[in-house]
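1. need a structure here:
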Amino acid sequence: MEPENQALTPGIGLMLMFSQKAQQNTHRILHSVNESQDWEVVNLPKEITDCDETFFENKSFGGPLWAIKSMSPFSGVRIILFVNKNLDQVEAFYSLITGKKALAYNKIEEGLSSRTFPLSKQLELHLVSHPSLHSKKLHNVALCFGINDINKLCSEIAGGIRNLGEDHWQVKDPDGNIVILYSLLK
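-> As a prediction, this is how the structure comes out:
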């Protein structure tokens, strides 16, 4: 049983970030969420969210957490992983998988640690750890990454990689999330 002071949330989230020019999209999505019986707004600890972010989940589906950021400096998508433990190990794992170095952000006094991997101009992977947040694993969701050299990764990933078929492999990150790797070269 989890301590009462911890918020339980899906371990993976997907945030749609809209620039100021796209506010109509933000309003339309939030209106649909508020009118639906299936969607519920989720209140995360204030240390984790910005005032222009709204998080919600589908009560019947049990999938990832969804979010809207309304005043983003750019339009894009942020994949969010809520890390329960071993943030440094999770960061090292995704650095190996993506080939990118994370931008670190810590608020020591608030217990917040986050890492952001800029994957492209409009896509980022965001790792978040906070003592009042505990995430549940999603067994029906996997993160997928295209890779160039599976042989290099096989020797560097602890716990090994499971072959799923031609040019597809499965591994778990240090926090237990399912990751699918596929080969970019043919």
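2. residue contacts, the most centrally placed residue in the chain?
-> With distances taken as C-alpha atoms, centre = their mean, the chain has residue 80 as the residue nearest its mean C-alpha position (1.9 Å). Applying C-beta atoms under 8 Å, 6 or more residues apart in numbering, we find residue 80 in contact with 12-15, 65, 67, 126-128. (Each C-beta comes from the backbone N, C-alpha and C, glycine too.)
3. what kind of secondary structure is it in?
-> Under DSSP: H, G, I helix; E, B strand; the rest coil, residue 80 falls in the strand class.
4. separation between it and residue 60?
-> 21 Å (C-beta to C-beta, to the nearest Å).
5. what's the spacing between stretch 81-92 and its chain's center?
-> Its chain's C-alpha centre and that of stretch 81-92 lie 11 Å apart, by C-alpha atoms, centre = their mean, to the nearest Å.
6. and the strands in the chain, which stretches?
-> 7-10, 12-19, 39-42, 53-58, 65-72, 76-82, 103-107, 112-120, 123-129, 133-136, 142-147, 162-165, 168-172, 178-183 (DSSP state E).
7. give me the sheet partners of the last one and which way each runs.
-> The reference is to strand 178-183. Paired neighbours of strand 178-183 in the sheet (DSSP bridges): strand 142-147 (parallel), strand 168-172 (antiparallel).
8. quick check: the residue nearest to the centre of the chain vs residue 54, distance?
-> Residue 80 is 13 Å from residue 54, by C-beta to C-beta.
9. same check on residue 47?
-> 16 Å.
10. those two: which is more packed in?
-> The residue with more neighbours, out of residue 47 and residue 54, is residue 54; 20 against 15, by other C-beta atoms under 10 Å.
11. if we can go back for a sec, figure out which of the strands of the chain is closest to residue 29.
-> strand 65-72 (5.7 Å; C-beta to C-beta).
12. for that closest one, which residues meet the burial criterion?
-> 65-70, 72 (16 or more other C-beta atoms under 10 Å).
13. show me where pLDDT drops low in this protein?
-> 1-7, 108, 185-186 (pLDDT under 70).
14. if I pick residue 66, what's in contact with it?
-> Shown in contact with residue 66 (C-beta under 8 Å, 6+ apart): 13-16, 55-58.
15. hmm, back to that, which one of the strands of the chain lies nearest to residue 90?
-> Per C-beta to C-beta, nearest to residue 90 of these: strand 123-129, 5.9 Å.
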